[in-house]
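Visitor: what's the 3D shape of this:
(4 chains)
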Number of protein chains: 2
Amino acid sequence: MLKEERLTYILNSLRLDHKVLTAELSGQLNVSEDTIRRDLKELSDNGKIKKVHGGAVAHSLNPFSYRERKVYKLQDKITIVEKAISLIQNGQVIIMDGGTTNLELARRLPEDLAATIFTNSLPVAEQLAEHPTVDIIFAGGKLLKSALATIGLEVIQSFSEIRADLGILGTRSVDREGGITEIDWEEAKVKRAIVSASQHLISLAISEKLDTLQPYKVADISHLHTLVTELPSDSQALAPYKELGIHIR
Amino acid sequence: MLKEERLTYILNSLRLDHKVLTAELSGQLNVSEDTIRRDLKELSDNGKIKKVHGGAVAHSLNPFSYRERKVYKLQDKITIVEKAISLIQNGQVIIMDGGTTNLELARRLPEDLAATIFTNSLPVAEQLAEHPTVDIIFAGGKLLKSALATIGLEVIQSFSEIRADLGILGTRSVDREGGITEIDWEEAKVKRAIVSASQHLISLAISEKLDTLQPYKVADISHLHTLVTELPSDSQALAPYKELGIHIR
DNA sequence: TTTAAAAACGCATAAACATGCAAAAACAAA
DNA sequence: TTTGTTTTTGCATGTTTATGCGTTTTTAAA
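Guide: Below is the predicted model:
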């Protein structure tokens, strides 16, 4: 294996997992830890990564992703995202909003996927821009700084003009009675637009969001077609949703 | 076997595998490793491949390589940006597009500025999102991945509905005869929309862009109200523009 | 503070490399 | 054809690079 390939491998792992461990890489690549250390040093010297004790973390040159807030329950979210990816087919038109789970989805989309993706999330759009084949349509509007997403009438109108195959919602709360609910009124309105524009609605939610409620309603539970969590599909917590006819992944 | 055939063979292997090994090629092509090395050197000199210790890799192997670019002439751009900031007043409605200079402007806006800023550039919007008081309106549309900016009819329409106090253009080329010109047709169209939506048009351009031309016209020089470069305002290079009645900063 | 893991450093070595040179081949012109 | 020139190639030479292994130093967590 060429050194160059190792460096690429490291950068790629870093892109997917946000961090790499020297010991782990040494095992995966069958070279000594010293070599890995030298690789990391080189990448670090070139400003590509940030070397830390034990490995390295992403240090994107992109000024935006500087906010390197740790992603809460990243492992669970990765599990969810991998299930969600299996639901996406080539050629589909997809609407997705923001949130860390959806961002992770954007990051991990298969290289060879061809799709058209509508979004109102700046980070998601930026992540998708690195994908070679997906077409990205950004819904314009007033930017909500805290969410780095556009909101308002214009966004809603944009989405209302689409008939999307898939709507993928990062979800704050799901409840069998209260349906999908959100904490921000404006965001809830945007999500509502996504719901009505999507033929098939997928909710990505870590399990702790199940059976919780927020003040603003996005959609009745009957609108939800597929629920993706990190739990195995036969988990007890998911049984009530299954009974409602919702597909569980 | 002709040398040309070998080179073709190498390029083809590289296309398939993204890498070639000197030793391997030497065996496959029945020539010495030295010859292969010379072949690789030639292809590398012509920019076709990237030569590395042990063989060569395709340029695309490194996924992040295209992001590497440091900001060209950053110091000059900071000078420009500081002058440009002095032209902005509280409460104004501003349209700005993308480019490194405009991104730098977004980064350095005074903390206490209150303004409404329309943009079609993802990085600019993200940067502005860190500002406490400006309102950001993002113009939606199809995302041009290379520029990380939206383009197309929708963007143009968004801008056409505005009457902005200030239009701030990052500028590829300015010429007293040819006006403001751009290298990308779609981007040029968007800039044209900015021009006609702005009551006062400001062009930010490092001096080396003066008196140069690109294929697509954005605006006649008569539409330009203020030209900001890193040069002192009494510089010889700016005199012709001054004569045309353009404000120089 | 103690301590185990990680990193840095120096060193050794084998593989890959650049360079100069000469032989062979291809080519051009007389 | 003959002769002179250029290109291509392989080989011998010394040089550089990549890597692993001890040893010492630093780090971070208990």
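Visitor: Which positions in stretch A:40-52 come out as buried?
Guide: A:40, A:43, A:48, A:49, A:50, A:51 (16 or more other Cβ atoms under 10 Å in any protein chain shown). In this view, the C-beta of every residue, glycine as well, is placed from N, C-alpha and C.
Visitor: With pLDDT, distance to residue B:119 and secondary structure added, can I get those in a markdown table?
Guide: Formatted as a markdown table, the buried residues of stretch A:40-52 follow (pLDDT from 0 to 100; distance: Cβ to Cβ, whole Å; DSSP: H, G, I helix; E, B strand; the rest coil):
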| residue | pLDDT | distance to residue B:119 | secondary structure |
| --- | --- | --- | --- |
| A:40 | 93 | 37 | helix |
| A:43 | 89 | 33 | helix |
| A:48 | 85 | 28 | coil |
| A:49 | 85 | 30 | strand |
| A:50 | 86 | 29 | strand |
| A:51 | 89 | 35 | strand |
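Visitor: Which strand or helix spans the residue nearest the centre of chain A?
Guide: Centroid-nearest residue in chain A, with Cα atoms, centre = their mean: residue A:102, separated by 2.4 Å. Residue A:102 belongs to helix A:100-108 when elements are defined using DSSP states H and E.
Visitor: Hmm, the residue nearest to the centre of chain A is touching residue A:85, no?
Guide: No - here residue A:102 does not reach residue A:85: they are 12.0 Å apart, not a contact under Cβ atoms under 8 Å.
Visitor: Now list whatever residues contact both of these two.
Guide: Common neighbours of residue A:102 and residue A:85 (criterion: Cβ atoms under 8 Å, 6 or more residues apart in numbering or on different chains): none identified.
Visitor: List the residues that contact the residue of chain A found nearest chain B.
Guide: Closest approach between chain A and chain B, counting by Cβ to the nearest Cβ: residue A:140, at 2.6 Å. With contact set as Cβ under 8 Å, 6+ apart, residue A:140 has these partners: A:150, A:154-155, A:158, B:137-141, B:150, B:154-155, B:158.
Visitor: Now do the helix holding residue A:102, average pLDDT.
Guide: In this model, helix A:100-108 has an average pLDDT of 92.
Visitor: if you look at it, does any of it touch chain B?
Guide: No - Helix A:100-108 is not in contact with chain B by Cβ under 8 Å from any Cβ of the partner chain; minimum separation 12.0 Å.
Visitor: since we're on residue A:133, how many residues are nearby?
Guide: With neighbours defined by other Cβ atoms under 10 Å in any protein chain shown, the count for residue A:133 comes to 12.
Visitor: can you pull the pLDDT of the spatially closest residue to it that is not a sequence neighbour?
Guide: Nearest non-adjacent residue to residue A:133, counting by Cβ to Cβ, 6 or more residues apart in numbering or on different chains: residue A:114, 4.8 Å away. The pLDDT attached to residue A:114 in the predicted structure is 95.
Visitor: about what we covered before: please render the contacts of residue A:140 as JSON lines that adds distance to DNA strand C and secondary structure to the earlier fields.
Guide: Conversion of the contacts of residue A:140 to JSON lines gives the following (distance: Cβ to the nearest atom of the strand, whole Å; DSSP: H, G, I helix; E, B strand; the rest coil):
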{"residue": "A:150", "distance to DNA strand C": "41", "secondary structure": "strand"}
{"residue": "A:154", "distance to DNA strand C": "48", "secondary structure": "helix"}
{"residue": "A:155", "distance to DNA strand C": "44", "secondary structure": "helix"}
{"residue": "A:158", "distance to DNA strand C": "47", "secondary structure": "helix"}
{"residue": "B:137", "distance to DNA strand C": "45", "secondary structure": "strand"}
{"residue": "B:138", "distance to DNA strand C": "40", "secondary structure": "strand"}
{"residue": "B:139", "distance to DNA strand C": "45", "secondary structure": "coil"}
{"residue": "B:140", "distance to DNA strand C": "44", "secondary structure": "coil"}
{"residue": "B:141", "distance to DNA strand C": "44", "secondary structure": "strand"}
{"residue": "B:150", "distance to DNA strand C": "41", "secondary structure": "strand"}
{"residue": "B:154", "distance to DNA strand C": "48", "secondary structure": "helix"}
{"residue": "B:155", "distance to DNA strand C": "46", "secondary structure": "helix"}
{"residue": "B:158", "distance to DNA strand C": "49", "secondary structure": "helix"}
